[in-house]
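**Student:** Build me a structure from this.
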Amino acid sequence: MWFLIYIPALAQPGLLDDADSIHAEAAREMVLNHNWVTLYINGIRYLEKAPLMYWTVATSYKLFGVGEWQTRLPLALGVLGLAWCAIIFGRRYFGGEAGFYAALILVTAPGIFVYTRFLIPDVLVAMWLTLGLYFFLIAYEQEHPSRWLCWGIAVTIALNVLTKSLIGLAFPAMIIGAFLLATGGLRKILKFHLFSSALVFLAVAAPWHILAAIRSPAQLTGPEKGFLWFYFVNEQFLRYLNKRIPYDYDKVPLLLFWALLLAWLFPWFVYLFPALGEVPGRIRSWREGLDARARANLFCAIWAAVIMLFFSFSTRQEYYSLPVLPALALLTGGWLQRERASAAKSGECRAGRIASAVLLVIGVAGFSAAMAVLAKTHPFPPGTDIGAVLTPHPGAYKLSLGHMGDLTLESFGLFRRPLWLVGIGFLVGTGLNWIFRRRGWALAGNLALAGMMVVVLFCVHDGLVIFSPELSSKRIALEIQQAYRPGDTIVINGKYEWGSTLNYYTGIELHVLNGRDGNLWFGSFFPGSPQIFEDNGSFARLWNGPNRVFLFSEDFLTDQAFTNIDRSKVFVFARQGGKVVLTNRP
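**Tutor:** Numbering: from 1, shown residues only. Here you go, the predicted model:
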């Protein structure tokens with residue numbers, strides 16, 4: 001299933017503007033500069049992120065060359081690693097089949113698939129967290145916890161810190177602390193070889209942080225604080241409190257954040273609800289002693305609740321809930337095994353049939369909605385620019401799925417093939433699952449749902465490829481690269497993030513007009529940073545100068561760039577997906 005879903009999706013579409021190509025560019029410049037300590041994008045220090053994901057992508061580049069599939073390969077392998085962690089966790093505490101189901105759920109989960117389509121480290125966070133918590137639960141059951149297990153916990157926490165900074169420490173600490181408090185075992189933590197484990201943690205996590213702080217110290221001019229303040233205080237504590245500088249992000253409404261958790265687990269979330277009934281509900285029983293299965297159920301429930309509550313009080317993006325999915329997959333996988341092992345008239349089988357009926361209703365509704373949209377749309381001729389049938393909503397683009405709000409009913413005419421397939425997939429998959437479960441064939445029902453998700457995720461990928469001209473500027477970048485001559489200048493109108501694919505695909509340093517903000521802001525104050533920031537005056541001089549200038553801009557921003565420029569000297573070079581490149585030469 002992993003191979004069918006993830007390998008064909010490696011090569012397309014082109015990298016996306018913003019986080020995807022920014023992070024890929026940081027890895028590319030890491031290889032180019034032979035500098036594996038300080039991250040750079042567009043020649044400027046990029047100090048807000050932990051390095052491990054960039055190391056994996058840079059290693060992929062060293063082995064296989066620079067490209068799209070090489071960029072996505074580490075995250076795809078991260079999904080496979082996460083599935084392996086779920087198998088060993090589920091097999092030990094719920095049974096071999098439960099581990100298989102948990103891995104199957106994670107491999108076919110839409111949330112994990114969607115958020116490995118661009119380069120963010122959250123699936124790696126989920127992998128290290130799952131492995132570390134597995135080591136902890138084994139050690140907790142031992143009267144004298146194994147030193148090797150405790151060191152394994154320390155290594156996974158350190159690797160997670162190198163993946164996503166303090167989150168990597170905060171999550172396991174809060175989850176383990178809440179579990180020990182709930183079960184009355186706080187004193188047991190003293191048996192976990194704390195001193196030697198702390199040394200192991202520091203041996204893995206500290207060297208990069210020390211080197212990064214030495215290479216980016218506080219400055220006498222520009223930012224008074226160096227790497228340590230920006231990385232730990234600004235990017236961790238102030239971001240959590242919604243006071244990060246500069247303020248260039250938004251947060252998902254709380255109810256939507258919780259609701260999306262079910263979408264990220266579709267279709268398996270219908271079996272999560274009966275699975276939650278297996279979590280021990282009597283607080284007194286938590287301290288009187290639970291068997292291994294009940295303890296694991298309680299632990300997974302605490303794991304999920306802690307992370308969701310943590311982000312309920314902070315800034316949050318749609319994908320921040322991804323580290324919750326392994327816990328829910330394990331709970332669900334354990335219940336699915338119990339359902340299959342139960343008698344036909346048992347409560348588990350009855351609950352499975354009810355859940356499959358609910359899922360069938362959802363599948364029929366999904367099929368009906370897809371067919372209704374198809375009936376109200378018409379196909380477009382080949383080569384239609386998707387930007388021509390979208391309605392921009394720039395205020396929503398600070399969210400990872402903000403561009404989805406640009407879709408109009410008319411625009412779905414470009415998505416007729418994936419709409420048709422996903423509608424049929426919903427109907428057939430949920431229908432077969434319902435039939436199989438009514439006959440007592442739960443395993444066949446689960447495999448039908450997994451097969452359905454192969455089709456659905458193929459359609460998601462196909463839809464992303466169709467939508468990608470709105471999200472990626474790859475084609476524009478390649479056109480500029482062909483026309484570029486030494487001495488020419490490429491300028492982005494606004495923030496660097498809006499056209500970061502130009503940097504990645506051309507390999508040329510970009511200038512930025514009225515956009516000293518976002519990812520480039522802090523690093524731009526350090527000595528040696530390239531002078532790439534233009535205001536209206538300097539841009540007018542550049543435009544009227546002897547060399548060609550390419551100005552990349554969102555369509556709705558073009559007027560702001562030419563207040564002091566003769567319009568007769570403005571020529572359209574390329575246009576795609578609501579973006580335009582203008583130049584000062586015919």
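
**Student:** just how off-centre is stretch 363-380 within its chain?
**Tutor:** 29 Å (Cα atoms, centre = their mean, to the nearest Å).

**Student:** try stretch 540-559
**Tutor:** 33 Å.

**Student:** same check, this time on stretch 159-167
**Tutor:** 15 Å.

**Student:** What are the contacting residues of that stretch?
**Tutor:** Contact with stretch 159-167 is made by 49-53, 121-122, 124-125, 128-129, 132, 168-169, 171-172, 204-205, 208, 231-232, 235-236, as judged by Cβ atoms under 8 Å, 6 or more residues apart in numbering. For the C-beta atoms, the positions are set from N, CA and C on the backbone; glycine is no exception.

**Student:** Buried subset of those residues, written for PyMOL?
**Tutor:** A single PyMOL command is used to select the members of the contacts of stretch 159-167 judged buried by 16 or more other Cβ atoms under 10 Å:
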select buried, resi 49+50+51+52+53+121+122+124+125+128+129+132+168+169+171+172+204+205+208+231+235+236
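
**Student:** which stretches of the stretch 301-450 of the chain form strands?
**Tutor:** Taking DSSP state E, counting those that start in this stretch, the stretch 301-450 of the chain contains no strands at all.

**Student:** Residue ranges in it under the pLDDT threshold?
**Tutor:** Counting by pLDDT under 70, the ranges of the stretch 301-450 of the chain that qualify are 394-398.

**Student:** Show me where it has its helices.
**Tutor:** 325-341, 347-375, 416-438, 442-471 (DSSP state H, counting those that start in this stretch).

**Student:** Provide a list of residues in contact with residue 473.
**Tutor:** 17, 499, 501, 502, 552, 576, 577, 579.

**Student:** Need the worst-confidence member of those residues.
**Tutor:** Ranked by pLDDT, the contacts of residue 473 bottom out at residue 577 (81).

**Student:** any idea how far it is from residue 61?
**Tutor:** For residue 577, the distance to residue 61 equals 27 Å [Cβ to Cβ, to the nearest Å].

**Student:** Mind checking which of those two has more residues around it?
**Tutor:** Neighbours of residue 577 and residue 61, each counted by other Cβ atoms under 10 Å, are more numerous for residue 577; the result is 24 against 19.

**Student:** Hmm, that one is touching residue 386, no?
**Tutor:** Yes: counting by Cβ atoms under 8 Å, residue 386 is a contact partner of residue 577 at 5.8 Å.

**Student:** overlap in contacts of those two?
**Tutor:** Common neighbours of residue 577 and residue 386 (Cβ under 8 Å, 6+ apart) are 469, 470.

**Student:** show me the contacts for the residue lying closest to residue 155 once chain neighbours are set aside.
**Tutor:** The shortest distance from residue 155 to any non-neighbouring residue, by Cβ to Cβ, 6 or more residues apart in numbering, is to residue 204 (5.8 Å). By Cβ under 8 Å, 6+ apart, the contact set of residue 204 is 154, 155, 158, 159, 162.

**Student:** Just the pLDDT for residue 204.
**Tutor:** pLDDT, residue 204: 97.

**Student:** any idea whether it is helix, strand or coil?
**Tutor:** helix (DSSP: H, G, I helix; E, B strand; the rest coil).

**Student:** one step back: mind putting the contacts of residue 204 in CSV, distance to residue 290 and pLDDT included?
**Tutor:** Below are the contacts of residue 204 laid out as CSV (distance: Cβ to Cβ, whole Å; pLDDT from 0 to 100):
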residue, distance to residue 290, pLDDT
154, 26, 97
155, 28, 98
158, 30, 98
159, 30, 98
162, 34, 97
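
**Student:** Which of those ranks first by neighbour count?
**Tutor:** Counting neighbours by other Cβ under 10 Å, residue 154 leads these with 25 neighbours.

**Student:** Could you measure from that residue over to residue 245?
**Tutor:** Using Cβ to Cβ, residue 154 is found at 33 Å from residue 245.

**Student:** Next: residue 531.
**Tutor:** Distance from residue 531 to residue 245, by Cβ to Cβ: 22 Å.

**Student:** the more surrounded of the two?
**Tutor:** Neighbour count, other Cβ under 10 Å: between residue 531 and residue 245, residue 245 has more, with 13 against 8.

**Student:** what kind of secondary structure is that one in?
**Tutor:** Going by three-state DSSP: residue 245 is coil.

**Student:** Assess the claim that it and residue 234 are in contact.
**Tutor:** Yes: judged on Cβ under 8 Å, residue 245 makes contact with residue 234 at a distance of 6.0 Å.

**Student:** just the CA coordinates of stretch 406-419, formatted as PDB?
**Tutor:** Only the C-alpha atoms of stretch 406-419 are listed here, as PDB (Å, rounded to 0.1, in the frame of the first residue of the first chain):
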ATOM      1  CA  ASP A 406      -9.900  30.100  -4.300                       C
ATOM      2  CA  LEU A 407     -11.800  27.300  -5.900                       C
ATOM      3  CA  THR A 408     -15.100  28.100  -7.600                       C
ATOM      4  CA  LEU A 409     -17.800  25.800  -8.900                       C
ATOM      5  CA  GLU A 410     -16.700  26.600 -12.500                       C
ATOM      6  CA  SER A 411     -13.100  25.700 -11.700                       C
ATOM      7  CA  PHE A 412     -14.200  22.100 -10.800                       C
ATOM      8  CA  GLY A 413     -14.500  21.600 -14.500                       C
ATOM      9  CA  LEU A 414     -10.700  21.100 -14.500                       C
ATOM     10  CA  PHE A 415     -11.000  18.300 -11.900                       C
ATOM     11  CA  ARG A 416     -13.600  16.100 -13.700                       C
ATOM     12  CA  ARG A 417     -11.400  13.000 -13.900                       C
ATOM     13  CA  PRO A 418     -10.400  12.900 -10.100                       C
ATOM     14  CA  LEU A 419     -14.000  13.900  -9.200                       C
END
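
**Student:** Buried ones in that stretch, by neighbour count?
**Tutor:** Neighbour-count burial for stretch 406-419 flags 406, 407, 411, 412, 413, 414, 415, 416, 418, 419 (criterion: 16+ other Cβ under 10 Å).

**Student:** and the two most separated of those?
**Tutor:** Spanning the widest gap among these are 406 and 416, at 18.2 Å by Cβ to Cβ.

**Student:** Below-threshold pLDDT in the chain: ranges please.
**Tutor:** Those would be 219-224, 248-249, 394-398, 555-561, if you go by pLDDT under 70 across the chain.
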